[in-house]
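Q: Pasting the sequence and the predicted coordinates here, then a few questions.
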Protein chains: 2
Amino acid sequence: MKELVLGIDIGGTNTDFGLVDNEGRIWARGHLDTRQYPTAKGFVSALAEVVAKLLQKDKDFKMRGVGVGVPNANPFTGIVEDPPNLPWKGKVALRELLADQLQVPAEISNDANAAAMGELLYGVGASKNFVVITLGTGIGAGIVADGVLLQGRDGLAGEIGHVIAIADGRLCNCGRKGCFERYASATGLKETMHELLSRPGARSVLSGSDPRNLSSKQIFDAAASGDVLALEAFDYTARIIGKVLADVAAILSPEKFYFLGGLANAGEMLLRPAKKYFERDLLFIHHNKISFEISSLKDREAAILGSAALLWHKLGK
Amino acid sequence: MKELVLGIDIGGTNTDFGLVDNEGRIWARGHLDTRQYPTAKGFVSALAEVVAKLLQKDKDFKMRGVGVGVPNANPFTGIVEDPPNLPWKGKVALRELLADQLQVPAEISNDANAAAMGELLYGVGASKNFVVITLGTGIGAGIVADGVLLQGRDGLAGEIGHVIAIADGRLCNCGRKGCFERYASATGLKETMHELLSRPGARSVLSGSDPRNLSSKQIFDAAASGDVLALEAFDYTARIIGKVLADVAAILSPEKFYFLGGLANAGEMLLRPAKKYFERDLLFIHHNKISFEISSLKDREAAILGSAALLWHKLGK
């Protein structure tokens, strides 16, 4: 008997899932186009069909449960509320829908918390005090303290993306100004590049490109080729990451920060200067004691592993 | 048999201690003048003598252990390193000294962490997700997440006093600029008042007083009597508390902030405006869900109760 947990990563465009064993091996994978399902109920029905087929591949497969990483998920109530970028509106009782349809226990959490659980259970050299930072369209964080996921009173701890990085800075979707994610997410990097390109006399290989269509990959490529303005955009982003995480370190005293998500693909281009500014801004008791690392989970699989880890953890793996 | 834990609050001037039962009642109290003991060894010997006498008061008394709240204490190693304001220099193995001398288990932690444990074990209506903020000469914090004290990799979590509140702000003892404790501690309030009094044409009942001798109590009294400048000093302090704790709330999602220490004695004079600015600066998901309260432990006894709680917690009270 091969006991497996279904790990699901629900995104606005793609939903990826896999059957994961308790050591983090993925035995089967599947995919749905999230946009094809205007209701969560229809989505869960379609998912159940595909999963049933995956389970038939090997008669030894036994599904013990399902874990989901999805934005705006409340792990205590099992409800996803007004998920941004998803077709479903209002309060969606996703945990209940999944448990009913698949007839196994289900857990849901936001993607950063799922990533932190994945790092804890399946990570290489995982410590017991770390923070996983997801640098995507926005910024999230999953905090592990003494081997336990820090959830706060409502499961909504870790909203590091909404720490104020710059007083009276850029307007955020949350209605406030200067949030960390307006600077250090992929979206933030693009806005910084746009600002730099708008300077009088700015010269860059990206000059003349439509700023609305600029991708963080294009900025990375420009920086890698030595473009001064693109390098400046990364330096500015790194400066803000260093500053905010120095504050986070004073509060949490972690051993490691792990980075995940689109912008984390920039690797050393971002992390090396970010670490430099972090050490500069850090309280002396922490100097040279906290590392910056790219998540040890393979990038494409991190979300599936993390989601499965939510339930494996509950099963007492 | 009355089982008791010795709770000790070591300060630069006074050391207060008491024998505390597992429900937070203090059965006997004692006191030492910290400055009379140039070495920790001499201090612990003198302490043992006084404690022996306290224990003889009732033949039913049985001491189960000792807990100490002291600045710069590392709960993992049991060492106090270069404690500020204490006569002892270098690394002091205080936990070992106490356990040897008193022949019972000992625990040490910094004062804010001890206060948080006291609130958790003995507090009125204690939640499982809260932060105790000590507003004294400096600022400390003890963080409790899901009923567990958050210690970080080295027991040094909770250094909220060294979150940067104002970019390029006042110089801090830590060597950096703009730390929260340079603004929102008793010391910070005095510096703010001094700055306001230095403005051209400033008029206050405190005008003409030597700023070096100004106490936070004097500023409180002036504000209570309606002095506009003193009220402005409190308002500025509250603004900074609101701003920094809004960031802390985004990271930790607590249910409550408890305040302790000299400046917390200002009560509503400080907490009402601080809460107002906090709500203004807060991420919307937390609006009106996090309370500001003065610690429910009586102010004079909070440190002794908290120190005793460190050990009662370990004994599995």
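A: Yep, it's here.

Q: If I look at the residue of the stretch 1-150 of chain A found nearest chain B, what pLDDT would I see?
A: The stretch 1-150 of chain A approaches chain B most closely through residue A:129 (4.4 Å), counting by Cβ to the nearest Cβ. For glycine as for every other residue, the C-beta is placed from the backbone atoms N, C-alpha and C. Model confidence at residue A:129, given as pLDDT, is 97.

Q: which SS state does the closest residue to it other than its chain neighbours fall under?
A: With Cβ to Cβ, 6 or more residues apart in numbering or on different chains as the criterion, residue A:129 has its nearest non-adjacent residue at 4.4 Å, and that residue is residue B:153. What DSSP: H, G, I helix; E, B strand; the rest coil gives for residue B:153 is coil.

Q: Contacts only, for residue B:153.
A: A:127, A:128, A:129, A:253, A:254, A:255, A:289 (Cβ atoms under 8 Å, 6 or more residues apart in numbering or on different chains).

Q: tell me which parts of the stretch 151-300 of chain A are close to chain B?
A: A:151-160, A:162-164, A:167, A:174-176, A:243, A:246-248, A:250-255, A:281, A:283-286, A:289 (Cβ under 8 Å from any Cβ of the partner chain).

Q: Any chance of a ChimeraX selection covering the buried ones in the residues you listed?
A: In ChimeraX, this line selects whichever of these come out buried by 16 or more other Cβ atoms under 10 Å in any protein chain shown:
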select /A:151,152,153,154,155,156,157,158,159,160,162,163,164,174,176,243,246,247,248,250,251,252,253,254,255,281,283,285,286
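
Q: isn't residue A:79 right up against residue A:93?
A: Yes - using Cβ atoms under 8 Å, residue A:79 makes contact with residue A:93 at a distance of 5.5 Å.

Q: Show me the residue at the heart of chain A, geometrically.
A: Centroid-nearest residue in chain A, with Cα atoms, centre = their mean: residue A:134, separated by 3.6 Å.

Q: Nearest residue to the residue of the stretch 101-250 of chain A at minimum distance from chain B in space, ignoring adjacent ones along the chain?
A: In the stretch 101-250 of chain A, the residue that lies nearest chain B is residue A:152 (2.6 Å; Cβ to the nearest Cβ). The shortest distance from residue A:152 to any non-neighbouring residue, by Cβ to Cβ, 6+ apart, is to residue B:253 (2.6 Å).

Q: Check residue A:183 too.
A: residue A:240 (4.5 Å).

Q: so the strand or helix carrying the one you found versus helix B:228-252, what angle?
A: With secondary structure defined by DSSP states H and E, residue A:240 is part of helix A:228-252. Interaxial angle of helix A:228-252 relative to helix B:228-252 (axes from the mean of the first three to the mean of the last three Cα atoms, to 10 degrees): 100 degrees.

Q: ok, and for helix A:228-252, which residues are buried?
A: Quick answer for helix A:228-252 (16+ other Cβ under 10 Å): A:229-252.

Q: Now the element after it, going C-ward?
A: strand A:256-260.

Q: Send me that following strand as CSV with only the CA atoms.
A: These are the backbone C-alpha positions of strand A:256-260, laid out as CSV (Å, rounded to 0.1, in the frame of the first residue of the first chain):
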residue,chain,number,x,y,z
LYS,A,256,17.1,31.4,7.6
PHE,A,257,15.1,33.3,5.1
TYR,A,258,14.0,31.1,2.1
PHE,A,259,12.9,32.7,-1.1
LEU,A,260,10.4,31.4,-3.6
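
Q: quick one: contacts of whichever helix or strand comes after it?
A: Under the assignment DSSP H and E, the closest C-terminal helix or strand after strand A:256-260 is helix A:268-281. Residues outside helix A:268-281 that contact it (Cβ under 8 Å, 6+ apart) are A:220, A:223-224, A:234-235, A:237-239, A:241-243, A:245-246, A:249, A:259, A:263-264, A:287-288, A:290, A:292-294, B:164, B:176.

Q: Of all the residues in helix A:268-281, which ones are buried?
A: A:269, A:270, A:271, A:273, A:274, A:275, A:277, A:278, A:281.

Q: okay, how far is it across stretch A:138-152, tip to tip?
A: 20 Å (Cα to Cα, to the nearest Å).

Q: Repeat that for stretch A:132-146.
A: Stretch A:132-146: ends 14 Å apart by Cα to Cα.

Q: follow-up on the earlier one: residue A:159 is in contact with the residue nearest to the centre of chain A, correct?
A: No - using Cβ under 8 Å, residue A:134 makes no contact with residue A:159, being 11.7 Å away.

Q: Give me the common contacts of those two.
A: Common neighbours of residue A:134 and residue A:159 (Cβ under 8 Å, 6+ apart) are A:140, A:141.

Q: Chain neighbours aside, what residue packs nearest to residue A:156?
A: residue B:253 (4.9 Å).

Q: In contact with the one you found: list those residues for me.
A: Residue B:253 neighbours (Cβ under 8 Å, 6+ apart): A:151, A:152, A:153, A:154, A:155, A:156, A:157, A:158, A:159, B:129, B:286.

Q: one more time with 7 Å, if that's ok
A: Residues near residue B:253 by Cβ atoms under 7 Å, 6 or more residues apart in numbering or on different chains: A:152, A:153, A:154, A:156, A:157, B:286.

Q: Redo these as JSON lines? Include distance to residue A:214 and pLDDT.
A: Putting the contacts of residue B:253 into JSON lines (distance: Cβ to Cβ, whole Å; pLDDT from 0 to 100) gives the following:
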{"residue": "A:152", "distance to residue A:214": "35", "pLDDT": "95"}
{"residue": "A:153", "distance to residue A:214": "39", "pLDDT": "94"}
{"residue": "A:154", "distance to residue A:214": "36", "pLDDT": "90"}
{"residue": "A:156", "distance to residue A:214": "32", "pLDDT": "91"}
{"residue": "A:157", "distance to residue A:214": "33", "pLDDT": "95"}
{"residue": "B:286", "distance to residue A:214": "33", "pLDDT": "95"}
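
Q: Farthest-apart pair in those residues, please.
A: Farthest-apart pair in those is A:157 and B:286; separation 10.6 Å (Cβ to Cβ).

Q: which residues of the stretch 201-317 of chain A score low on pLDDT?
A: Applying pLDDT under 70 to the stretch 201-317 of chain A picks out residues A:298-300, A:317.

Q: Could you give the residue of it that lies closest to chain B?
A: residue A:253 (2.6 Å).

Q: Residue A:94 is in contact with residue A:40, correct?
A: Yes - here residue A:40 reaches residue A:94: they are 6.1 Å apart, a contact under Cβ atoms under 7 Å.

Q: The two - which one has more neighbours?
A: residue A:94 (24 against 21; other Cβ atoms under 10 Å in any protein chain shown).

Q: Return the residues in contact with the nearest residue to that one once chain neighbours are set aside.
A: Distance criterion Cβ to Cβ, 6+ apart; nearest residue to residue A:94, sequence neighbours excluded, is residue A:80 at 4.9 Å. Contact partners of residue A:80, counting by Cβ under 7 Å, 6+ apart, are A:70, A:72, A:73, A:92, A:94, A:108.

Q: one more time with 8 Å, if that's ok
A: If you count contacts by Cβ under 8 Å, 6+ apart, then residue A:80 has A:40, A:70, A:71, A:72, A:73, A:74, A:86, A:88, A:91, A:92, A:94, A:108 around it.

Q: low-confidence ranges in the stretch 51-200 of chain A?
A: A:126.

Q: leaving aside the residues next to it on the chain, what's closest to residue A:313?
A: residue A:117 (5.6 Å).

Q: Burial check on that neighbour, number of neighbours?
A: By other Cβ under 10 Å, 28 other residues sit near residue A:117.

Q: helices or strands up against whichever helix or strand it is part of?
A: Following DSSP H and E, one finds residue A:117 within helix A:111-122. Applying 3 or more Cβ pairs under 8 Å, 6 or more residues apart in numbering or on different chains; DSSP states H and E, we find helix A:111-122 packed against strand A:61-69, strand A:130-135, strand A:139-145, strand A:148-149, strand A:256-260, helix A:299-314.

Q: ok, and what's touching the fourth one?
A: It stands for strand A:148-149. Counting by Cβ under 8 Å, 6+ apart, A:113, A:116, A:117, A:120, A:142, A:143, A:313, B:145, B:146, B:148 sit against strand A:148-149.
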